[in-house]
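# starting from these lines, generate the structure:
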Amino acid sequence: MTSEVRVRFAPAPTGLLHIGNARTALFNFLFAKRNQGRFVLRIEDTDLERSNDTSIDRILEDLEWLGISWDEGPERDGPVGPYRQSQRVGIYRELADRLSREEKSYKCFCSEERLEALRKEQLSKGKMPRYDGHCRSLSSEEIAKMEAAGLHPVLRFHVGRGQILFDDLIHGKMNFDSAGIGDFIIVRSDGMASYNFACVIDDHSMRITHVIRGEDHLSNTPRQILLYQALSWQPPLFAHHPLILGPDRSPLSKRHGATAVSQYREEGFLPEALENYLILLGWTPPSGREMLSFERMAEEFSIHDVSKSAPVFDRKKLEWLNSVYIREKEEGPLAEILIPYLQKAGIRTEQIDRQWVNQVLGVLKENIVVLSQVEEYLGIFFDEKFFFEEGTKTLLRDPGNRETLRSVLGVVEAWPEFTSGEQTSLLSQLEKKTGRKGKSLYAPLRAAVTGKTKGPELTRTLPLLGKERIMRRLKMALEIT
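Have a look, this model is predicted:
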């Protein structure tokens, strides 16, 4: 095994990148960074019916959006490629032939019907389903006869007896009895290598030193160790982290809400917030800090410190973290990522002063949890989106509030065009003229000039609206009957 740390992330391109898989990629990426190692991206597309190039493209895009870059893999060729399993079939076939010659595997012609009947029988007797070795002793004549009849066998690995021991970097010492495994398939009837067989060959040929993956793969590890032993190869070190649970403590799934990275991306979560939250699921930084840069994560992360207990996904915590990251964004960079949401809402941003737009978004960032929520507040600043919400109309119909707004209109009409430094003086004049303070003044004023009952601070909003727009909206508010 190489002295250089080498880890891999190996998604199957059968759908979108799940946040659980993104967390696994993040663990691997940070482990490589911490140990000055290499992060390999391998595409496990042996399921030819379900795998597709579109899924590969989306996975690569989501990883890059998260800031998880790979040293070797698709689009970044390295010395141990190719990095797609569908392009490595010849390598698998050669090693499958070797195991056959060494009588460590055998052809199996059992039908699906027989295997299902065997499974049901074993379950009815309270036994764990496992293959019974029915085809293990077939003669060469029997094999030739069935192949001549057009039957396509699978290739099964001959599992011996004994204990399979290994040290897991998270769970500690693990012990499996091979008697409970059964002879498993290493090559399917279509000639494609099974997951466990291809995985072992690829990890060995790609010189992977540490396999960091979800504990749903824990049952695969003894099978893979047996294959390493059969091929006289040294296995890598293994670390199986607990999976993310939903609020009801069942495995996180679509019934709990969004599960794909792309869904969070489209909703308006920042990549640094999502990755920060994912790393905190099951791992506590030694510094105790909740907000960590990628560089700080890599400095502090240790796979040995990952909890053995399954973390529970808390969307509220993620939203809070995202809102903090949004508020900390400077106006210019924030505008770059928010403008697409404005354009999606129909705002022709190219015709508007960019500095003003930056200032507007700088004000709105205090009120949004995810970027897409900016659309809820566009009516405050963009006339084409302005309207009075139903809740505001009740306020504006109140006789006392109407009298207050008439006084406000008189003050604003007499006031010179004001800037960001003058709104405090204006508000003081409004309090003096109307005789009202606090909610009794600012609730109807907010309703009249923004159309909403809540939103960004008026002291920051008013100068961005400007005198003419404020007067126009006050008049519109007074016309409501």
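# only C-alpha atoms from now on, for both contacts and neighbour counts.
Fine.
# pull the contacting residues for Pro286.
Glu300 (Cα atoms under 8 Å, 6 or more residues apart in numbering).
# mind checking what secondary structure it has?
Here Pro286 is coil, with the state taken from DSSP: H, G, I helix; E, B strand; the rest coil.
# next one: the one 3 residues further on
At Arg289, secondary structure determined by three-state DSSP is coil.
# what distance do you get for it to Glu142?
Noted for Arg289: a distance of 66 Å to Glu142, by Cα to Cα, to the nearest Å.
# with Phe27 instead?
On the measure of Cα to Cα, Phe27 and Glu142 end up 49 Å apart.
# before we move on, what about Arg161?
For Arg161 relative to Glu142 (Cα to Cα), the value is 26 Å.
# swap in Asn21?
According to Cα to Cα, Asn21 and Glu142 sit 45 Å apart.
# of those two, which one has the most company?
More crowded of Asn21 and Glu142, by other Cα atoms under 10 Å: Asn21, with 20 against 12.
# enumerate every residue touching the closest residue to Ala193 other than its chain neighbours.
The shortest distance from Ala193 to any non-neighbouring residue, by Cα to Cα, 6 or more residues apart in numbering, is to Val187 (4.3 Å). By Cα under 8 Å, 6+ apart, the contact set of Val187 is Ala96, Val154, Leu155, Arg156, Ala193, Ser194, Phe197.
# so the first one is in which element?
So that's Ala96. Element membership for Ala96, per DSSP states H and E: helix 89-101.
# which other residues reach the helix or strand following that helix?
Using DSSP H and E, the helix or strand that follows helix 89-101 towards the C-terminus is strand 105-108. The contact list for strand 105-108 (Cα under 8 Å, 6+ apart) reads Leu99, Ser100, Cys135, Arg136, Ile143, Pro153, Val154, Leu155, Arg156, Phe157, His158.
# can you rerun that using 6 Å?
Leu99, Cys135, Pro153, Val154, Leu155, Arg156, Phe157, His158 (Cα atoms under 6 Å, 6 or more residues apart in numbering).
# what does stretch 253-268 give?
Leu17, His18, Ile19, Val370, Leu371, Ser372.
# looking at those, which is nearest Arg76?
Leu17 (19.6 Å; Cα to Cα).
# which stretches of this protein have low pLDDT?
For the chain, residues meeting the criterion pLDDT under 70 lie at 1-2, 417-424.
# what about the strands in it?
Along the chain, the stretches classed as strands by DSSP state E are 6-9, 38-41, 105-108, 154-157, 163-168, 172-177, 185-187, 210-214, 237-241.
# can I get those strands in CSV with distance to Leu427?
Output for these, formatted as CSV (distance: least, Cα to Cα, whole Å):
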stretch, distance to Leu427
strand 6-9, 58
strand 38-41, 58
strand 105-108, 85
strand 154-157, 81
strand 163-168, 65
strand 172-177, 66
strand 185-187, 77
strand 210-214, 58
strand 237-241, 57
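# go through these and name the closest to Thr434.
Closest of the strands of the chain to Thr434 is strand 237-241, at 63.4 Å (criterion: Cα to Cα).
# just to revisit the earlier point, now, the most widely separated pair of the contacts of strand 105-108?
Farthest pair in those (Cα to Cα) is Leu99 and Cys135. Separation: 16.2 Å.
# turn the contacts of Val187 into CSV, columns for distance to Arg354 and neighbour count.
Shown next, in CSV, are these (distance: Cα to Cα, whole Å; neighbours: other Cα atoms under 10 Å):
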residue, distance to Arg354, neighbour count
Ala96, 63, 21
Val154, 64, 22
Leu155, 65, 25
Arg156, 66, 25
Ala193, 56, 26
Ser194, 56, 18
Phe197, 57, 22
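# nearest to Phe31 among the residues you listed?
Phe197 (25.1 Å).
# distance of the nearest residue to His152 once chain neighbours are set aside relative to Arg84?
Using Cα to Cα, 6+ apart and skipping residues adjacent in sequence, the residue nearest His152 is Ser189, 5.4 Å away. To Arg84, Ser189 is 20 Å away according to Cα to Cα.
# so these two - more neighbours on which side?
Looking at Ser189 and Arg84 with other Cα under 10 Å, you find the greater number of neighbours at Arg84, namely 19 against 16.
# domains in the chain, by residue range?
88-241, 254-328, 330-383, 387-481 (automatic domain parsing).
# residues contacting Arg296?
Contacts of Arg296 by Cα under 6 Å, 6+ apart: none found.
# hmm, back to that, out of the contacts of stretch 253-268, which sit inside helices?
The helices, defined by DSSP state H, take in Ile19 from the contacts of stretch 253-268.
# closest one of the contacts of stretch 253-268 to Ala179?
Each of the contacts of stretch 253-268 was checked against Ala179 using Cα to Cα; the closest is His18, at 34.0 Å.
# now for the nearest residue to the closest one once chain neighbours are set aside, how many residues are close by?
Excluding the flanking residues, the one nearest His18 by Cα to Cα, 6+ apart is Ala260, at 4.4 Å. By the criterion of other Cα under 10 Å, Ala260 has 19 neighbours.
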